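Student: okay, here's the prediction I keep looking at, along with the sequence it came from:
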Amino acid sequence: MRQQIDLEEFSDEQRISYLYSESLVEMNLGHLERARSLVDERLRIAQQHGLQREEANCNNFLGNLAAQLGRIEESRVYYQRSLDLSRQLGLRRAEAITLFNLGEAALQLGEWEQAQQY
């Protein structure tokens, strides 16, 4: 069993980093709802402090989690938020990753033409 860490002792940047790492661990262990709550907390901190790059990353991660849970339409909402922020901030790599994820979501829904557009 992992030791609980008091995140209040850390800066917001350190908390975001910790929450990212912990959410990856939880996701890889198959604890998708726990991973989601960690990313939700990470997103809340990012939004409070205007960290839009982190907000874009969180939305993409939430889209991945939703897709793994079979919630494809929900994943598209998160991916679109991530895409909008990535484009606004000029994050070309994040934009490309998110476009790929949107294409995958379209494929899963059988929307072949839409998938090709991404």
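Tutor: Now that the structure is in, tell me what you want to look at. No experiment lies behind these values; they were computed from the predicted model shown. Numbers count the residues shown, from 1 in each chain.
Student: distance of Glu74 relative to Ala106?
Tutor: Separation of Glu74 from Ala106 (CB to CB, to the nearest Å): 14 Å. Any C-beta I mention is one placed from the backbone N, CA and C, and that applies to glycine too.
Student: try Leu62
Tutor: Leu62 is 18 Å from Ala106, by CB to CB.
Student: neighbours around Gln114, how many?
Tutor: As a burial measure, Gln114 scores 14 neighbours (other CB atoms under 10 Å).
Student: where in this structure is pLDDT low?
Tutor: 1-7 (pLDDT under 70).
Student: most centrally placed residue in it?
Tutor: Centroid-nearest residue in the chain, with CA atoms, centre = their mean: Phe61, separated by 1.8 Å.
Student: state the helix or strand in which it lies.
Tutor: Using DSSP states H and E, the element containing Phe61 is helix 52-68.
Student: so for that helix, what gets flagged as buried?
Tutor: Buried residues in helix 52-68, counting neighbours by 16 or more other CB atoms under 10 Å, are found at 54-67.
Student: what do you get for stretch 68-81?
Tutor: 72, 74-76, 78-79, 81.
Student: am I right that Glu22 is in contact with Leu38?
Tutor: Yes. Glu22 lies in contact with Leu38 (CB atoms under 8 Å); the separation is 5.4 Å.
Student: so the two - more neighbours on which side?
Tutor: Leu38 (22 against 19).
Student: ok, the more buried one - contacts?
Tutor: 19, 22-23, 26 (CB atoms under 8 Å, 6 or more residues apart in numbering).
Student: now do the SS call for Gly30.
Tutor: coil (DSSP: H, G, I helix; E, B strand; the rest coil).
Student: got the contact list for it?
Tutor: Listed by CB under 8 Å, 6+ apart, the contact set of Gly30 is empty.
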